[in-house]
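**Q** Sequence isn't available, so here's the structure alone:
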């Protein structure tokens, strides 16, 4: 483990880093023409890498609602009688979307073979299976 203390800018970099080292370098206030290089260099420094790993190791439970938490909230809101009907309907809609209730599933089967495709393409490339056909006069 590295015991080196981070500078103020390095700590800002760690706090700003979310997977984009260039953006974290800009936010931390590093000056220069190449924030990509600075960000990359910072990620290779053991003290910074360790600080990022330590930060990411902290449990985030309670900070971000899980899917089940959101669904419970929407369910409670939907069946509760203290809110307006429009709010309860919105909660019902969001709950339905989270459960994919409004998705229309369509199954498309390709019934042509590669030989059919080659034959059709040889005759007229724009009429080959899988190609887009535009109406006459529109281009």
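**A** Now that the structure is in, tell me what you want to look at. Just so it is clear, the model here is predicted, and its values are computed rather than measured.
**Q** Output the residue ranges of the helices in this structure, listed in chain order.
**A** Assigned by DSSP state H, the helices in the chain fall at 8-16, 21-28, 35-44, 46-57, 67-79, 85-98, 114-123.
**Q** Tell me the helices and strands packed up against the fourth one.
**A** Read it as helix 46-57. helix 8-16, helix 35-44 (3 or more C-beta pairs under 8 Å, 6 or more residues apart in numbering; DSSP states H and E). Any C-beta I mention is one placed from the backbone N, CA and C, and that applies to glycine too.
**Q** would you list these in a markdown table and tack on mean neighbour count, mean pLDDT and distance to residue 82?
**A** Shown next, in a markdown table, are the helices and strands packed on helix 46-57 (neighbours: other C-beta atoms under 10 Å; pLDDT from 0 to 100; distance: least, C-beta to C-beta, whole Å):
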| stretch | mean neighbour count | mean pLDDT | distance to residue 82 |
| --- | --- | --- | --- |
| helix 8-16 | 17 | 92 | 39 |
| helix 35-44 | 16 | 91 | 49 |
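**Q** among the ones you listed, which is nearest residue 97?
**A** With C-beta to C-beta as the measure, helix 8-16 is the member of those nearest residue 97 (32.3 Å).
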